[in-house]
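Q: based on what follows, work out the 3D shape:
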Amino acid sequence: MAKLDNIYLLDSILQSRRTPASIAYLMERLSCSSATFYRLFDELRDGFNAPIMRDKSGVYYDPKANFSLPGVRLNTEETNG
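A: Now for the predicted structure:
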């Protein structure tokens, strides 16, 4: 899966949850290693200014923040129509 696809998937998972997600759960959903997960985490936080947080309970978005990733997202099949 492409890096940007994983960033949008991570965002989607976090947006849909009411409780923090464990890193193990997110790595499984993203089918990635811990190193890749932390790169995605950093990119989402630093590159997209996402209010993503991590503590002992897991990974989550700051509940006070109103955040959404920019733009319309299409996958390869949709663009090659």
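Q: show residues contacting stretch 41-51.
A: 3, 7, 10-11, 52, 54, 59, 61-62, 64-65, 67, 69-70 (C-beta atoms under 8 Å, 6 or more residues apart in numbering). C-beta: built from backbone N, CA, C; applies to glycine.
Q: go ahead and list the helix or strand containing the residue minimising distance to the centre of the chain.
A: Among the residues of the chain, Leu10 comes closest to the average C-alpha position under C-alpha atoms, centre = their mean, at 2.2 Å. Using DSSP states H and E, Leu10 maps to helix 3-16.
Q: give the next helix or strand downstream of that helix.
A: Counting by DSSP H and E, the next helix or strand C-terminal to helix 3-16 is helix 23-30.
Q: follow-up on the earlier one: show residues contacting the helix holding Leu10.
A: For helix 3-16, the surrounding residues in contact (C-beta under 8 Å, 6+ apart) are 1, 21, 26, 29-30, 32, 36, 40-41, 43-44, 48, 50, 52, 59-61, 68-69, 73, 75.
Q: thinking again about what came up before, and the residue nearest to the centre of the chain, what's its pLDDT?
A: Reading off the confidence values, Leu10 has pLDDT 96.
Q: any weak-confidence spans in the protein?
A: The model of the chain has pLDDT under 70 over residues 1, 72-81.
Q: who wins on neighbours among the contacts of stretch 41-51?
A: Counting neighbours by other C-beta atoms under 10 Å, Leu10 comes out on top of the contacts of stretch 41-51 with 24 neighbours.
Q: now Val59: which helix or strand?
A: For Val59, the host element (DSSP H and E) is strand 58-61.
Q: for Met53, that is, sorry about that
A: Under the criterion of DSSP H and E, Met53 resides in strand 52-55.
Q: note down every partner strand of that strand and its orientation.
A: The strands beside strand 52-55 in its sheet (DSSP bridges) come out as strand 58-61 (antiparallel).
Q: in stretch 43-60, what's buried?
A: In terms of neighbour count (16 or more other C-beta atoms under 10 Å), stretch 43-60 has its buried residues at Glu43, Leu44, Ala50, Ile52, Met53, Gly58, Val59, Tyr60.
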